[in-house]
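A.B. asks: sequence first, then the predicted structure:
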2 protein chains.
Amino acid sequence: MTNERPPDRRVRRTKQRLNDALESLIIEKGYDKITVQDLIDRADVGRSTFYAHYETKDDLLISWTELAADMELHMAQEQTDAGSTMPSLTLFRHLGEHHHLYKAMLGGRGIDIVTEMIHSTLLGHATSVLERRPDASDQTTIPIEVRAGFLASSLLALLTWWLDNDMPYPPESINEMYQELTKTT
Amino acid sequence: MTNERPPDRRVRRTKQRLNDALESLIIEKGYDKITVQDLIDRADVGRSTFYAHYETKDDLLISWTELAADMELHMAQEQTDAGSTMPSLTLFRHLGEHHHLYKAMLGGRGIDIVTEMIHSTLLGHATSVLERRPDASDQTTIPIEVRAGFLASSLLALLTWWLDNDMPYPPESINEMYQELTKTT
DNA sequence: TTGTTATCAGACATGATGTTCTATACCAAA
DNA sequence: TTTGGTATAGAACATCATGTCTGATAACAA
């Protein structure tokens, strides 16, 4: 019953400018060095206007990533059935296409919140796949919880390494390595 | 030629109190919420005294972890030869013994600097072990760089998960799982 | 056109940072 | 034990980012 009224055009413009400012500043100087002052300067928005929409810097980041990264990861989940457990190939391709942004969000000086969001998504995916499986529990006694965490963390680590090192292999190659390294699971 | 004079007793006491204050505050409220004000209050040290020894909060953290965490990881490296590639069992045991501290430094809201230091140490270890190996390159074509990164990140992820979940298995069990999951490498 | 509402500009209190100063207490070495 | 050197305490200070609040103005939807 949430009465969804279309937001005022001014609100859309303001949020758009703040989102753009956030993205460009993340690539430019890294998230943690951004101040609210930077954001409103870059977006050319009044101080009170910012606080009318968001409570903190993190608040803006979260509502922004919900629109961007999360939607893209859902897209990745569609292509999971094609043999492998994780949608790794799709992810390598997608992150490679937007490597400037994802490198700034995942790499050495990344954004914890975003990393956690992606990890959480990967973990959920791995868990659900492993649970609905023609049980290979005769081969291993390792709990699903551990195996899923391993799959998710490995993929995230490999993605991060790949971006940090400026993608030294094509998505298909690095994906095969991931499949090989985790074939135990 | 660095003339190493033993530091003044007052200096030792001051640094000791700041280190103690840092450790207790990390466990209490998490590193990123600590302010310099907190530190000098807890350590009961003058403001100017802090800045006489350290430039920033991170500065204190780094010189502290160099004494603590790094030395312990070196200890872990000794026991590597015993069959496995990584000193994983030693690490699970050591971190389990100091889980309060390590959970605060690695877990959900961890300290990036410390995480990177440990990851870097693990990566260096994995690399050197894989390099001096009776080459199993007939079995895999994956570059050492990738395999080492995989081993290090997997172990760090498992360690972190284990601490975050309050060590649901004894060190020996979780270590066996790690060995099983990474036996490809 | 009209009533509503988002925005702006600015002022303001707050809290943390990092610098600088002087007097004092402590220290190591003679 | 005295002495010269030095670390510390305490406080003041400028700076900066934060978050709140005000009234005036502009843009909006209807």
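C.D. replies: Happy to help now that I have it. Small disclaimer: the values here were computed from a predicted structure and weren't measured.

A.B. asks: tell me the helices and strands packed up against the lowest-mean-pLDDT helix or strand in chain A.
C.D. replies: The weakest-scoring helix or strand in chain A, judged by mean pLDDT, DSSP states H and E, is helix A:69-78 (a mean of 72). With contacts defined as 3 or more CB pairs under 8 Å, 6 or more residues apart in numbering or on different chains; DSSP states H and E, the packing partners of helix A:69-78 are helix A:88-97, helix A:112-131. Yep, even glycine has a C-beta here, placed from its N, CA and C like the rest.

A.B. asks: mind redoing it with 6 Å?
C.D. replies: Using 3 or more CB pairs under 6 Å, 6 or more residues apart in numbering or on different chains; DSSP states H and E, the elements in contact with helix A:69-78 are helix A:88-97.

A.B. asks: beyond the helix it packs on, next helix or strand please.
C.D. replies: Sequence order places helix A:99-106 as the next helix or strand after helix A:88-97, per DSSP states H and E.

A.B. asks: how about the CA coordinates for that following helix, as CSV?
C.D. replies: The C-alpha trace of helix A:99-106 is given here as CSV (Å, rounded to 0.1, in the frame of the first residue of the first chain):
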residue,chain,number,x,y,z
HIS,A,99,36.4,-1.8,-14.7
HIS,A,100,37.1,1.9,-13.9
LEU,A,101,34.3,2.0,-11.5
TYR,A,102,34.5,-1.6,-10.1
LYS,A,103,38.3,-1.3,-9.6
ALA,A,104,37.6,1.8,-7.4
MET,A,105,34.9,0.0,-5.5
LEU,A,106,36.6,-3.4,-5.0
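
A.B. asks: now do it against helix A:69-78, angle only.
C.D. replies: 110 degrees (axes from the mean of the first three to the mean of the last three CA atoms, to 10 degrees).

A.B. asks: got the residues of chain A near DNA strand C?
C.D. replies: Where chain A comes near DNA strand C, counting by CB under 7 Å from any atom of the strand, the residues are A:8, A:10-11, A:13-14, A:44-49, A:52-53.

A.B. asks: domain-wise, how is chain A divided?
C.D. replies: Chain A breaks down by automatic domain parsing into domains covering A:9-57, A:69-181.

A.B. asks: of these, which is nearest DNA strand D?
C.D. replies: domain A:9-57 (3.1 Å; CB to the nearest atom of the strand).

A.B. asks: avg pLDDT for that closest one?
C.D. replies: Average pLDDT, domain A:9-57: 96.

A.B. asks: ends of that domain, how far apart?
C.D. replies: Taking CA to CA, to the nearest Å, domain A:9-57 runs 23 Å from one end to the other.

A.B. asks: again, but for stretch A:95-111
C.D. replies: End-to-end distance (CA to CA), stretch A:95-111: 15 Å.

A.B. asks: so is it next to chain B?
C.D. replies: No: using CB under 6 Å from any CB of the partner chain, stretch A:95-111 stays clear of chain B, with a minimum separation of 7.6 Å.

A.B. asks: from the domains of chain A, which stretch is densest packed?
C.D. replies: domain A:69-181 (a mean of 17; mean count of other CB atoms under 10 Å in any protein chain shown).

A.B. asks: so which residues of chain A form helices?
C.D. replies: Secondary structure of chain A (DSSP state H): helices at A:9-29, A:36-43, A:47-53, A:57-67, A:69-78, A:88-97, A:99-106, A:112-131, A:144-164, A:171-181.

A.B. asks: so which bits of the fourth one are buried?
C.D. replies: Okay, so that is helix A:57-67. By neighbour count, with 16 or more other CB atoms under 10 Å in any protein chain shown as the criterion, the buried positions of helix A:57-67 are A:57, A:60, A:61, A:64, A:65.

A.B. asks: just the CA coordinates of the least confident helix or strand of chain A, formatted as CSV?
C.D. replies: C-alpha atoms of helix A:69-78 as CSV (Å, rounded to 0.1, in the frame of the first residue of the first chain):
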residue,chain,number,x,y,z
ALA,A,69,25.3,-2.9,-8.9
ASP,A,70,22.5,-4.9,-7.5
MET,A,71,20.4,-4.9,-10.7
GLU,A,72,23.5,-6.0,-12.6
LEU,A,73,24.1,-8.9,-10.4
HIS,A,74,20.5,-10.1,-10.8
MET,A,75,21.2,-10.1,-14.5
ALA,A,76,24.1,-12.3,-13.8
GLN,A,77,22.0,-14.8,-11.9
GLU,A,78,20.0,-15.7,-15.0
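
A.B. asks: tell me the contacts of the residue most central in space within chain A?
C.D. replies: Centroid check for chain A by CA atoms, centre = their mean gives residue A:118 as the closest residue, at 4.1 Å. Applying CB atoms under 6 Å, 6 or more residues apart in numbering or on different chains, we find residue A:118 in contact with no residue.

A.B. asks: of all the buried residues of helix A:57-67, which comes closest to residue B:39?
C.D. replies: For the buried residues of helix A:57-67, the closest approach to residue B:39 (CB to CB) belongs to residue A:57, at 24.0 Å.

A.B. asks: got the residues of chain A near chain B?
C.D. replies: That would be A:142, A:146, A:149, A:150, A:153, A:154, A:157, A:161, A:177, A:181, A:184, which are the residues of chain A within reach of chain B (CB under 6 Å from any CB).

A.B. asks: of all the domains of chain A, which lies closest to residue B:35?
C.D. replies: Among the domains of chain A, the nearest to residue B:35 by CB to CB is domain A:9-57 (15.9 Å).

A.B. asks: report the angle between the least confident helix or strand of chain A and helix A:88-97.
C.D. replies: Using the same axes, to 10 degrees: helix A:69-78 against helix A:88-97 is 150 degrees.

A.B. asks: residues making contact with helix A:69-78?
C.D. replies: Taking CB under 6 Å, 6+ apart as the rule, helix A:69-78 contacts A:87, A:90, A:91, A:94, A:121.

A.B. asks: tell me how far that helix lies from the chain's centre.
C.D. replies: With CA atoms, centre = their mean, to the nearest Å as the basis, helix A:69-78 stands 9 Å off its chain's centre.
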